[in-house]
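A.B. asks: quick one, fold the following:
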Amino acid sequence: MFVSGIADEAGKAIDVQIQAHQEIGLKHIEIRNVDSVNLTDVPDAKFDEIYDKVNAAGLTVSCFASQLCNWGRPVTNDFDVDVQELKRAIPRMHKFNCTFIRCMSYPNNRENPLPEDDWKKEVFRRMKELAKIAEDGGVTLVHENCDGYGGKGPDQTLELLAAVGSDNLKLVFDTGNTVFHGQDSYDFYSKVQDHVIYIHIKDGKPQDGKTVATYPGEGNGAVREICKAHLAKDPDVGFSIEPHLAAAVHLGKEADDEQAYNIYVEYGKRMVALLNDLK
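C.D. replies: Numbering: from 1, shown residues only. So this is what the prediction gives:
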């Protein structure tokens, strides 16, 4: 077992992200954005700078939190954007000795949606091609239950995996996305657990007519139950925190102050304590 975290929720700069992980006592880090630019998009010189700092800190990169097929890229978006991002990411992943790259599975176009069957067919076509690129590159796409066809529910997730039929497409299960999407977290997890190889930790609960983020184990995400169940299946599994308490990239809320940093560190320490309690 190891604990990681989507580090830009602690701060924009890589130095701040590293410091937060060291303060929590973590040996792993999941990198998404550095100075508001995704790790797959930063120029080569900037990437080398990030690599040197992460390496010098003795941190292992558990996953590239990419933009592949995500909430900002509907199924009608130019597919080559994702193809080129994955191709850029693979050599950078190799440099970090990282095998996981997070993806989603294309939301439908909200303004001009495709018919359900057309949406599904195009998602499957694209994901098959991305999985083949991942296979050829020696990396694994980890699909997150978020916006996209596969995030609609466990049946759609399993349908996607079966249609793609690749060992290079697995699952990262997010314990909190289910809450924010009105789904039962443990029910979803229990139906897809055999394909889960990495877990994102967030949590949430209804409050004043909306769903708000909480510390792990304080919401309806069944965090403790899912962690306990999956540790029994895979004692070496990685857990990566994504608090959403102060920062949420998809909402345009970035971590850039002391409060966000302190919340991230507190969240990480609580998650480590929760897992130690389970052990």
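A.B. asks: which parts of the stretch 101-250 of the chain are strands?
C.D. replies: With DSSP state E, counting those that start in this stretch as the criterion, the stretch 101-250 of the chain has strands at 140-148, 169-174, 196-201, 203-207, 210-214, 238-241.
A.B. asks: tell me the mean pLDDT for the last one?
C.D. replies: What it means is strand 238-241. For strand 238-241, the mean pLDDT works out to 98.
A.B. asks: cool, the fourth one as well?
C.D. replies: The average pLDDT for strand 203-207 rounds to 96.
A.B. asks: re the thing from before, dump the strands of the stretch 101-250 of the chain to a markdown table, plus mean neighbour count and distance to Asn70.
C.D. replies: From N, CA and C alone the C-beta is placed, and that goes for glycine too. Shown next, in a markdown table, are those (neighbours: other Cβ atoms under 10 Å; distance: least, Cβ to Cβ, whole Å):
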| stretch | mean neighbour count | distance to Asn70 |
| --- | --- | --- |
| strand 140-148 | 25 | 7 |
| strand 169-174 | 23 | 13 |
| strand 196-201 | 24 | 13 |
| strand 203-207 | 17 | 19 |
| strand 210-214 | 17 | 19 |
| strand 238-241 | 24 | 16 |
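A.B. asks: which of those sits closest to Gln17?
C.D. replies: Smallest distance to Gln17 across those (Cβ to Cβ): 12.4 Å, for strand 238-241.
A.B. asks: hmm, who's touching that closest one?
C.D. replies: Here strand 238-241 makes contact (Cβ atoms under 8 Å, 6 or more residues apart in numbering) with 1-6, 9, 28, 30, 62-63, 172, 198-202, 216, 227, 264, 267-268, 271, 275.
A.B. asks: are any of those residues buried, and which?
C.D. replies: Neighbour-count burial (16 or more other Cβ atoms under 10 Å) applied to these gives 3-6, 9, 28, 30, 62-63, 172, 198-202, 216, 227, 264, 267-268, 271, 275.
A.B. asks: filter those down to the ones in helices?
C.D. replies: Counted as lying in helices by DSSP state H, out of the buried ones among the contacts of strand 238-241, are Cys227, Tyr264, Tyr267, Gly268, Met271, Leu275.
A.B. asks: hmm, which two among those are most spread apart?
C.D. replies: Based on Cβ to Cβ, the longest span within those runs between Cys227 and Tyr264 and measures 19.0 Å.
A.B. asks: please look at His244 and Gly5 and confirm they touch.
C.D. replies: No: contact criterion Cβ atoms under 8 Å: His244 and Gly5 do not qualify, at 12.0 Å.
A.B. asks: helices of the stretch 1-150 of the chain, residue ranges please.
C.D. replies: 14-24, 44-56, 79-96, 116-137 (DSSP state H, counting those that start in this stretch).
A.B. asks: highest mean neighbour count out of these?
C.D. replies: helix 14-24 (a mean of 20; mean count of other Cβ atoms under 10 Å).
A.B. asks: what is that helix packed up against?
C.D. replies: strand 2-5, strand 28-31, helix 44-56, helix 258-278 (3 or more Cβ pairs under 8 Å, 6 or more residues apart in numbering; DSSP states H and E).
A.B. asks: just checking, what packs against the third one?
C.D. replies: Which is helix 44-56. Here helix 44-56 touches helix 14-24, strand 28-31, helix 79-96, going by 3+ Cβ pairs under 8 Å, 6+ apart.
A.B. asks: again, but for the last one
C.D. replies: For helix 258-278, the helices and strands in contact under the criterion 3+ Cβ pairs under 8 Å, 6+ apart are strand 2-5, helix 14-24, helix 223-233, strand 238-241.
A.B. asks: in that helix, what's buried?
C.D. replies: Those would be Ala260, Tyr261, Ile263, Tyr264, Val265, Tyr267, Gly268, Arg270, Met271, Val272, Leu274, Leu275, for helix 258-278 by 16+ other Cβ under 10 Å.
A.B. asks: tabulate those residues (CSV), appending pLDDT and distance to Gly153.
C.D. replies: Shown next, in CSV, are the buried residues of helix 258-278 (pLDDT from 0 to 100; distance: Cβ to Cβ, whole Å):
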residue, pLDDT, distance to Gly153
Ala260, 93, 32
Tyr261, 95, 35
Ile263, 96, 31
Tyr264, 97, 30
Val265, 98, 34
Tyr267, 98, 27
Gly268, 98, 30
Arg270, 98, 29
Met271, 98, 26
Val272, 98, 31
Leu274, 98, 27
Leu275, 98, 27
